[in-house]
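Asks: the sequence and its predicted three-dimensional model are supplied below.
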Amino acid sequence: MRLLWRLCGGLILALLVLLTGFRVAAWWREGPVPIPPQMTMVATSYGKMAVQMSGPETGRRVMLLHGTAAWSGFWRDVSAHLAAQGWRVIAVDTPPFGWSERDPQVRYNRVAQADRLAQLLRATGGPAIVVGHSFGAGAGVELAAGKHAGLVEGLVLVDAALGKLDPPEGRGAAAAILSFAPLGQAVTSASVTNPPLTGPLVRSFLARKAAADPWIETLKQPMRREGTTAAYAEWLPQLMTANDGAKSRTRVGLRAIRAPSAIIWGAADTVTPPAQGKELEALLKPRSAVYLAGVGHIPHIEDPKGFQAALDRSLAAVTRGQ
């Protein structure tokens, strides 16, 4: 028995040393990085938000919200496609990701994110159609379901990661454990912000694995910013909090959304399976629902042409009669 305890202790010590090594490597790797020239910084009460705006200023407005650990650059091809059709595209870096300022008060729950986006919309010209992918769909749905609903002219959900609806009170054990900063930062540095793992992590979300290859360096760009690991680690417990009071986490809140909606989903998505899309269909009664065959969780990089065609169809559906 004593030998077993020694072995367990040795394994725990080795794991701690390994995690400490990842965290030290992140400190060395992250540093001052200039904001790319294509970014526009928009002031909000939460800090400045980085956006990429394209297309004619007089065009109808569409706001693009990215998923976890991504940024506006991940919408590059979609933004170009929409801008060429005359849309005024507002591709947002939702903090703590991308080039937006990190919030020293760590206000990253859905209600705060929706308020942040509302301020951004007002500062850049008013209402827009909201396209939200994965984690970004949570803030987009909250924007449409909450006090800022008037700013949402339409809602397009792409493999929306809304989590379990009507969750119990409390934030859960994982969120509580990761709230311990040294542990949260060590885990984050070993996973989300660990450069060698970026490729494997992205591929794990895809059905068409090779589609990740052209996008790996794009994803890594803002992760080189000083404080990235610490900021992501502060955000992570909020991602894992089951119930933060957001209306977008309840069936009642979803049914109350009045903005016309559409759904685009990867039919081979194993992260947010198509059954979740079907549940949203039942709640939102969308004007359009497209399931892309053989596509996983990130349709806009796995099947660019198919996704762009589905997005065109979705935008036409939500703007019909407007």
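Replies: Okay, I see it.
Asks: and the gap between His81 and His300?
Replies: Relative to His300, His81 is positioned 10 Å away (criterion: CB to CB, to the nearest Å). The C-beta positions use only the backbone N, C-alpha and C, and glycine is treated the same way.
Asks: need the overlap of contacts for these two.
Replies: Common contact partners of His81 and His300 (CB atoms under 8 Å, 6 or more residues apart in numbering): Gln308.
Asks: these two: which has the busier surroundings?
Replies: More crowded of His81 and His300, by other CB atoms under 10 Å: His300, with 27 against 20.
Asks: the more buried one: which element?
Replies: According to DSSP states H and E, His300 maps onto helix 299-302.
Asks: which other helices and strands contact whichever helix or strand comes after that helix?
Replies: Using DSSP H and E, the next helix or strand after helix 299-302 towards the C-terminus is helix 304-318. For helix 304-318, the packing partners by 3 or more CB pairs under 8 Å, 6 or more residues apart in numbering; DSSP states H and E come out as helix 76-84, strand 128-133, strand 152-158, strand 261-266, strand 288-292, helix 299-302.
Asks: may I have helix 304-318 as CSV, with CA atoms only?
Replies: The C-alpha trace of helix 304-318 is given here as CSV (Å, rounded to 0.1, in the frame of the first residue of the first chain):
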residue,chain,number,x,y,z
PRO,A,304,-16.9,27.0,-47.8
LYS,A,305,-19.1,26.9,-50.9
GLY,A,306,-21.8,24.9,-49.3
PHE,A,307,-21.8,27.1,-46.3
GLN,A,308,-21.9,30.3,-48.2
ALA,A,309,-24.8,29.1,-50.3
ALA,A,310,-26.6,28.1,-47.0
LEU,A,311,-25.8,31.5,-45.5
ASP,A,312,-27.2,33.3,-48.6
ARG,A,313,-30.4,31.2,-48.3
SER,A,314,-30.6,32.0,-44.5
LEU,A,315,-30.1,35.7,-45.0
ALA,A,316,-32.7,35.8,-47.7
ALA,A,317,-35.1,33.9,-45.4
VAL,A,318,-34.7,36.2,-42.4
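Asks: what average pLDDT does it get?
Replies: The average pLDDT for helix 304-318 rounds to 98.
Asks: repeat for stretch 181-199
Replies: 86.
Asks: which neighbouring elements make contact with the helix holding His300?
Replies: By 3+ CB pairs under 8 Å, 6+ apart, helix 299-302 packs against strand 261-266, helix 304-318.
Asks: as CSV, those with distance to Ala149 and mean neighbour count would be great.
Replies: Formatted as CSV, the helices and strands packed on helix 299-302 follow (distance: least, CB to CB, whole Å; neighbours: other CB atoms under 10 Å):
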stretch, distance to Ala149, mean neighbour count
strand 261-266, 12, 27
helix 304-318, 14, 18
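Asks: point out the one among those that comes closest to Met63.
Replies: Nearest of the helices and strands packed on helix 299-302 to Met63, taken as CB to CB: helix 304-318 at 12.1 Å.
Asks: okay, the angle between the closest one and strand 288-292?
Replies: 170 degrees (axes from the mean of the first three to the mean of the last three CA atoms, to 10 degrees).
Asks: which residue, other than its chain neighbours, is closest to Gln238?
Replies: Spatial nearest neighbour of Gln238, excluding adjacent residues (CB to CB, 6 or more residues apart in numbering): Tyr108 at 4.8 Å.
Asks: so can I have a markdown table of the helices and strands packed on helix 299-302 showing distance to Pro37?
Replies: Formatted as a markdown table, the helices and strands packed on helix 299-302 follow (distance: least, CB to CB, whole Å):
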| stretch | distance to Pro37 |
| --- | --- |
| strand 261-266 | 31 |
| helix 304-318 | 25 |
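Asks: mind checking the ones you listed for the one nearest to Gln185?
Replies: Of those, nearest to Gln185 by CB to CB is strand 261-266, at 31.9 Å.
Asks: which element follows that closest one toward the C-terminus?
Replies: Downstream of strand 261-266 (by DSSP H and E), the next one is helix 274-284.
Asks: packing partners for that next one?
Replies: Helix 274-284 packs on strand 152-158, helix 251-255, strand 261-266, strand 288-292, going by 3+ CB pairs under 8 Å, 6+ apart.
Asks: for the second one, packing partners?
Replies: It stands for helix 251-255. helix 135-145, helix 274-284.
Asks: ok, 6 Å please
Replies: Helix 251-255 sits against helix 274-284, with contacts defined as 3 or more CB pairs under 6 Å, 6 or more residues apart in numbering; DSSP states H and E.
Asks: give me the distance from the helix it packs on to the chain's centre.
Replies: From the chain centre to the centre of helix 274-284 is a distance of 19 Å (CA atoms, centre = their mean, to the nearest Å).
Asks: follow-up on the earlier one: measure the residue nearest to Gln238 to Leu239 for me?
Replies: 8 Å.
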